[in-house]
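In: Just to be clear, the model below is a prediction. Sequence and coordinates:
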Amino acid sequence: MLTPEKEPITLLSGGSYFDSALSFMIMRGGHLDYSVLGAYETSESGDLANWSTGDAAALPGIGGAMDLAVGARSIWVIMEHTTKEGNPRIVTDCRLPLTAPRVVKRIFTNLAVIDVTPWGLQICEMVEGMTVAKLQGVTGARLVAAGQIALLTA
């Protein structure tokens, strides 16, 4: 068996695997409770943008993420809070092409855990030393800080 990066791996005792045809049947059949995806951007309404060729002249390369995004009951996103240049990845409206609209329920970043709710982006947890004001300063959409915000630990 190989990882997506073509590195060899071994199956641990009790583990299982199945072919890609079955995996697509599971995804497209609505049999997934959660899917955890990476993203380039996520909007305040839960839009997911997680693909880019990086070349405007190249054909798009969306892959199977759109099947996961629309097939799972809950989509969780894991990403860096900002780009390498310091620009927000959590934005009011995605600038990049969408994988799926209004599907993200929770966002995990290196700074916080944020829920996408009907009343806004609710901060659930923040890393030590982070304040709501600092987090808002690196986020491109309005954050809601209602109730107790837990400490995000590794």
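Out: Nice, I can see it.
In: ok, the nearest residue to Met1 once chain neighbours are set aside - contacts?
Out: In space, and not counting its chain neighbours, Met1 is closest to Ile9: 5.2 Å by Cβ to Cβ, 6 or more residues apart in numbering. (Glycine included, C-beta is placed from N, CA and C.) Ile9 makes contact with Met1, Leu2, Thr3 under the criterion Cβ atoms under 8 Å, 6 or more residues apart in numbering.
In: Just say helix, strand or coil for Ile114.
Out: strand (DSSP: H, G, I helix; E, B strand; the rest coil).
In: Next, count neighbours for it.
Out: Burial of Ile114 is recorded as 28 neighbouring residues (other Cβ atoms under 10 Å).
In: Wait, it touches Lys105, no?
Out: No. Between Ile114 and Lys105 there is no contact under Cβ atoms under 8 Å: 10.3 Å.
In: Any figure for the gap between Thr42 and Cys94?
Out: In this view, Thr42 and Cys94 are 7 Å apart by Cβ to Cβ, to the nearest Å.
In: any common contacting residues for those two?
Out: Leu48, Ala49.
In: tell me which strands and helices the longest helix anywhere in the chain is in contact with?
Out: Across the chain, the helix with the greatest residue count (assigned by DSSP state H) is helix 20-28. Using 3 or more Cβ pairs under 8 Å, 6 or more residues apart in numbering; DSSP states H and E, the elements in contact with helix 20-28 are helix 65-71.
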